[in-house]
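Asker: This is a predicted model, with the sequence first.
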Amino acid sequence: MLFNNSDYYIYGTHTISSILLNQPNRAIQLLIQDDFKKDLDKMKILQMAGSLGVNVKYLAKRKFDEQFKDNIARQKICMKVREFTYLNLQYILDNKPKLCVVLDGIEDPGNLGRAIRSAFALGANVVILPKDRSAKITSAVEQSAVGTVSKIAIVRVSSINSMFEKLKKIGYWIIGTSDNCKQDCWNYKFEVPLVIAIGNEGNGLRSGVIKNCDQLVQIPMSELGISLNAADALAIILYEILRQNLQ
């Protein structure tokens, strides 16, 4: 079986099951240790793979351990998948989702994955990534996101500011996060359709992105000079939006 250099392995029953269920066209080959414990999750994966016609390959423990190290070897199951395919801005323009998240400059794969997981769990419809200064969707991101990469729309754009201009024209309000503003997120009324922009832990949002936001909000902290990583900050902001809309 021929593989492309852009293909990669994912592991973990949640991540594998999610791709088989939501993006089955990405599945290439399922590999499993031949003496694996026949638990319910792995049996469901085998059944799903079989029904989709995904090639299943059994490996002896020694060969599995030789080919895969660390986390994959411990899982005793993994899947070769095709490179992730992003949506483009037209998806948002056509579907007008209520809540979009922009992750500006998130270069750590683990942090990006956690942010995507928070976005999905707390009601965001779309995650938007810039083509520059951003981690790409890779195996590491998918593992950190625990299967949610294939459950939420992920858009990649060349210019965040150009995107903001187009979204404002169709009624979106752009909210950025900054430690250098007075408006705290607890006392701001979030109304959809809405875009929430989060920057990286070290530098926050880029200055050009900040200038194009309609409003800036901050998360009140107990100590000056302390910042949260992007995934944690996003979770807090999204939880507040969810809380307001559930009242």
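Answerer: Everything's here; your move.
Asker: alpha carbons only for contacts and neighbour counts from here, please
Answerer: OK.
Asker: who touches the helix or strand of the chain with the lowest mean pLDDT?
Answerer: When the helices and strands of the chain are compared on mean pLDDT, DSSP states H and E, helix 70-75 comes out lowest with a mean of 77. Residues from elsewhere that reach helix 70-75, judged by CA atoms under 8 Å, 6 or more residues apart in numbering: 11-12, 64-65, 78.
Asker: Okay, and which of those map to strands?
Answerer: 11, 78 (DSSP state E).
Asker: quick one: the top helix by length along the chain to chain centroid distance?
Answerer: Ordering each helix of the chain by length in residues (DSSP state H) puts helix 230-246 first. Distance of helix 230-246 from the chain centroid (CA atoms, centre = their mean, to the nearest Å) equals 16 Å.
Asker: top of the contacts of helix 70-75 by neighbour count?
Answerer: Tallying neighbours with other CA atoms under 10 Å puts Y11 at the head of the contacts of helix 70-75, with 26 neighbours.
Asker: Give the bridge partners for it, please.
Answerer: C78 (DSSP bridges).
Asker: Count the residues that sit near the nearest residue to I45 once chain neighbours are set aside.
Answerer: Of all residues not flanking I45 in the chain, S17 sits nearest, at 6.1 Å (CA to CA, 6 or more residues apart in numbering). By other CA under 10 Å, 22 other residues sit near S17.
Asker: I'd assumed S17 was in a strand, is it?
Answerer: No - assigned with DSSP: H, G, I helix; E, B strand; the rest coil, S17 falls outside any strand and is helix.
Asker: circling back to that earlier point, buried stuff in the longest helix of the chain?
Answerer: 230-235, 237-241 (16 or more other CA atoms under 10 Å).
Asker: what's the answer for stretch 83-94, then?
Answerer: 83-84, 89, 92.
Asker: what sits against the spatially most central residue of the chain?
Answerer: Central residue check for the chain by CA atoms, centre = their mean: the C-alpha nearest the mean position is that of I116, 2.8 Å away. Counting by CA under 8 Å, 6+ apart, I116 touches 127, 145, 148-149, 231.
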